[in-house]
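1. Prediction below, plus the sequence it came from.
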Amino acid sequence: MNETETKSSNTTKKWLVGCGIGCAVIILILIVLGVGGYVFFKNLIGDFQEQEELMAVLTERYGEIKDFSPEPDGAIDPSRIEAFLSVRDAFAPFREKLEISMQELQDRAGQSEVEVKKPKNVFEMVKLGFGLVPQIAEFLKFRNQALLDAEMGMGEYFYIYAISYFSWLGKPPEDGPDFEVMGPEDRESRWGEMNRKEIREERRDSMLRRLHRTLLPMLQNQHEKLVARGLSDAQSEWKDLLEAEIQAMEEDRFRLPWEDGLPDVIKRSLEPYRERLEQSYNAMTNPFELTTEQR
């Protein structure tokens, strides 16, 4: 197996573990499926490899995610919001398909312990969990393709998503299903051992840390460009706001940008698109929306 296939296999394993499917169950299913199981995993690894290749093209074309710099004056150009919404529309069918599958798995996981442990229900849940993995690969692949088609980098998409949904519309970063969907490589999944509240708390902490370490450099890039451009009197107030927000984020690694309220210049950019942004948000698929696997 070459290096690319190894990376794709590791990525696949991460999703499988995160969906709560233990190695013993996978082995059992492969024994039952025989050649069919081999074909399934071959195609699955191929799907993840394809989305990673698309991400590599995005990175080459638009740079690393943290390299993105919002406009120095704080405004988001209408054409860029339109591009963001066109990306959302382009892979909406795959988002909805993934939502339906996760909702069904969540509904089954919410059954009583006696019902869940019945052989038929266990098999159905494993089947649903297994089916979720190629859908995730498909979701990421078509999101990346939509970004390329819209001529938008992952960094810009990440910024508009976070600012629009979390900082402005107040969507909870921990939105998602009531079960673990992806876990760190250094620990086994605890699916079934965590209650709904614990899962959401852990996901919130993880998401906030990730959002913070990605978005803070973007605001620092924005400030650097603002200073380099030279300030007008009208921009000095914006500069003070930006510097204060950067300082607040540097002091709190769980802080979202502008969590105390968006500056007027950003609000004015987003307000005409409020309804369309609301409609394009999907709480169930939120954990996957900003997944990058950028290398």
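-> Received, thanks.

2. Touching, residue 67 and residue 222? I think so.
-> No. Using C-beta atoms under 8 Å, residue 67 makes no contact with residue 222, being 11.8 Å away. C-beta coordinates here come from the backbone N, C-alpha and C atoms, glycine included.

3. between these two, who's got more neighbours?
-> Between residue 67 and residue 222, residue 222 has the larger neighbour count (other C-beta atoms under 10 Å), namely 21 against 13.

4. Which secondary structure elements does the host helix or strand of the more buried one sit against?
-> Residue 222 is part of helix 196-229, with elements assigned from DSSP states H and E. Counting contacts by 3 or more C-beta pairs under 8 Å, 6 or more residues apart in numbering; DSSP states H and E, helix 196-229 packs against helix 154-161, helix 233-251.

5. what do you get if the cut-off is 10 Å, keeping everything else the same?
-> On a contact count with 3 or more C-beta pairs under 10 Å, 6 or more residues apart in numbering; DSSP states H and E, helix 196-229 meets helix 154-161, helix 233-251, helix 286-289.

6. Check the offset of it from the chain's centre.
-> Helix 196-229 sits 13 Å away from the centroid of its parent chain (C-alpha atoms, centre = their mean, to the nearest Å).

7. Show me which residues of it are buried.
-> Neighbour-count burial for helix 196-229, with 16 or more other C-beta atoms under 10 Å as criterion, is recorded at 199-200, 203-204, 206-208, 210-212, 214-223, 226.

8. Could you check the helix or strand harbouring residue 101 and say which residues are buried?
-> Residue 101 belongs to helix 92-109 when elements are defined using DSSP H and E. By neighbour count with 16+ other C-beta under 10 Å, helix 92-109 contains the buried residues 94-95, 98-99, 101-102, 105-106, 108-109.

9. Could you do stretch 74-87 as well?
-> Buried residues in stretch 74-87 (16+ other C-beta under 10 Å): 74, 76, 80-81, 83-85, 87.

10. for stretch 245-265, same thing?
-> Buried residues in stretch 245-265 (16+ other C-beta under 10 Å): 245-246, 249, 255-259, 262, 265.

11. same thing with stretch 162-177?
-> Quick answer for stretch 162-177 (16+ other C-beta under 10 Å): 162-168, 171, 173-177.

12. What is the nearest of these to residue 283?
-> For the buried residues of stretch 162-177, the residue nearest residue 283 by C-beta to C-beta is residue 175; the value is 4.1 Å.

13. Correct me if wrong: the closest one contacts residue 166.
-> Yes. The criterion here is C-beta atoms under 10 Å, and residue 175 meets it with residue 166 at 9.5 Å.

14. Farthest-apart pair in the buried residues of stretch 74-87, please.
-> 74 and 87 (22.1 Å).
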